[in-house]
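[1] Requesting a structural model of the entry that follows:
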Amino acid sequence: MTDSPAVPQDPQDPRRSSRPRVFSETDRAQRPSPSLDRPEHVDPEIEQAVGITVDNLAAIFVLSAVKGFGPQKFRELQLEGLRPIDIVSGGKPLPTKGKRGDSLRSQLLVDIDKQRPICRERAIRQILAAKKNRAAILTYEHADYPANVLNSNNPVPLLYVRGSLEPLRNPRAIACVGSRRIREPYASLHDTYSRTACRHGYSIVSGFALGADAIGHRAAVDVLGQTICVMPCGLDRPFPPEHKGLWEEVLRYSGASVVSEFAFGTAASSLTLRKRNKLIVSFALGVLISQSSVSGGAMNAYRFALEQRKPIATFAHDDTPETSGNALIQRDAAVRAITLPTSEQMGEAFERWLRELSSLT
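    As a prediction, the model looks like this:
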């Protein structure tokens, strides 16, 4: 995670609107003119390799374009034994009750015929992009869709994945985040904790940012542990670009998953960065915030952990502005966060908190 200034939001970015749209700016820019050939289908072998069919992905895109149809509504379908394609094809009624359900159904009636061809074209392009990047696209139906995410308040309907799927199968995951400008002793503490967690069978979940995030990912690789790199953009590019070397390293490493809820071609923005932070917490049993100022980006993880009722730990602050976020977490009596020492007793404290988290699986 980063506490750098927010990435400017492009005024043409559809995520800026409260109404979800079907195409990102990049998707629109790359749409060919009618005079050029457009792929009209995908071979079943490619669909199987990527993990989803064009029709199923298009149905998810159609429902995602409906205002108010977010992750919780997708999970509602799943709990009712329904798939998005069941609703979009007209085979089953939308189960949402009350005025909210009436509103969603009326939007579908108005928009569905217009959205179907647009979303189908987009689905084809996303599946072909996934194949090109050796990626998978996971839905709830996929065996490797992570249980922690599904059971959180942020069960995103799609996860784009590069690298190994193995870390996604491990429910023992811990979010290790902190400042982009992390300094000693917190950098060493973050490294030590990440290594210790890996040796106890935990995967390290973080946001691939400079500083603390990179330390956690590298620590996992160094001890041959597992790590999940959650990106704020499409998986066709590293972000930040300074991490190109780390990007290539984790994609080669058999214990790393690189994941995003955002389609190929999506650029990072202030909104996608916040959503990335929320997804990091969704993956994890607990959240370690090693060092942050009150205004640091890592404090988003703190707020999302409170929202999702996840256990929180931080290292003792040192009365400086750089650890004012640590101090805030320590003072918040309602949170009951664990304060990890920065002294010789840190190893015992690490072990104790990991044991507490393991009881949650």
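
[2] Would you map the helices across this protein?
    For the chain, the helices defined by DSSP state H cover 25-30, 44-50, 54-64, 71-79, 84-88, 98-132, 147-150, 186-199, 212-222, 244-252, 270-283, 298-308, 324-331, 346-358.

[3] just checking, which of these comes out with the lowest mean pLDDT?
    Among the helices of the chain, helix 25-30 carries the lowest mean pLDDT, at a mean of 41.

[4] follow-up on the earlier one: of all the helices of the chain, which one comes closest to residue 180?
    Set against residue 180 and scored by CB to CB, those come closest in helix 212-222, at 7.3 Å. (Glycine included, C-beta is placed from N, CA and C.)

[5] Just the C-alpha atoms of that closest one, please, in PDB.
    Extracted in PDB, the C-alpha atoms of helix 212-222 (Å, rounded to 0.1, in the frame of the first residue of the first chain):
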ATOM      1  CA  ALA A 212       6.200  -2.100   2.900                       C
ATOM      2  CA  ASP A 213       4.300  -4.000   0.200                       C
ATOM      3  CA  ALA A 214       7.400  -4.900  -1.700                       C
ATOM      4  CA  ILE A 215       9.200  -6.000   1.500                       C
ATOM      5  CA  GLY A 216       6.400  -8.400   2.300                       C
ATOM      6  CA  HIS A 217       6.200  -9.900  -1.200                       C
ATOM      7  CA  ARG A 218      10.000 -10.300  -1.400                       C
ATOM      8  CA  ALA A 219      10.200 -11.900   2.100                       C
ATOM      9  CA  ALA A 220       7.700 -14.500   1.000                       C
ATOM     10  CA  VAL A 221       9.700 -15.300  -2.100                       C
ATOM     11  CA  ASP A 222      12.900 -15.500  -0.200                       C
END
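
[6] what angle sits between it and helix 270-283?
    40 degrees (axes from the mean of the first three to the mean of the last three CA atoms, to 10 degrees).

[7] Against which helices or strands is helix 212-222 packed?
    When contacts are defined as 3 or more CB pairs under 8 Å, 6 or more residues apart in numbering; DSSP states H and E, helix 212-222 packs onto strand 173-177, helix 186-199, strand 203-206, strand 226-230, helix 244-252, strand 256-260.

[8] Give me the distance from the second one to the chain's centre.
    The one in question is helix 186-199. Per CA atoms, centre = their mean, to the nearest Å, the displacement of helix 186-199 from the mean C-alpha position of its chain is 22 Å.

[9] Just the residues contacting that helix, thanks.
    In this structure, residues lying in contact with helix 186-199 by CB atoms under 8 Å, 6 or more residues apart in numbering are 174, 176, 178-179, 182, 204, 211-212, 215-216, 219-220, 222-226, 288, 290-291, 315, 323, 340, 342, 346-347, 350-351, 354.

[10] Quick check: buried residues in it?
    186-187, 189-198 (16 or more other CB atoms under 10 Å).

[11] got the residues you listed as JSON lines, with distance to residue 160 columns?
    Formatted as JSON lines, the buried residues of helix 186-199 follow (distance: CB to CB, whole Å):
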{"residue": "186", "distance to residue 160": "32"}
{"residue": "187", "distance to residue 160": "30"}
{"residue": "189", "distance to residue 160": "32"}
{"residue": "190", "distance to residue 160": "27"}
{"residue": "191", "distance to residue 160": "29"}
{"residue": "192", "distance to residue 160": "32"}
{"residue": "193", "distance to residue 160": "28"}
{"residue": "194", "distance to residue 160": "24"}
{"residue": "195", "distance to residue 160": "28"}
{"residue": "196", "distance to residue 160": "30"}
{"residue": "197", "distance to residue 160": "25"}
{"residue": "198", "distance to residue 160": "24"}
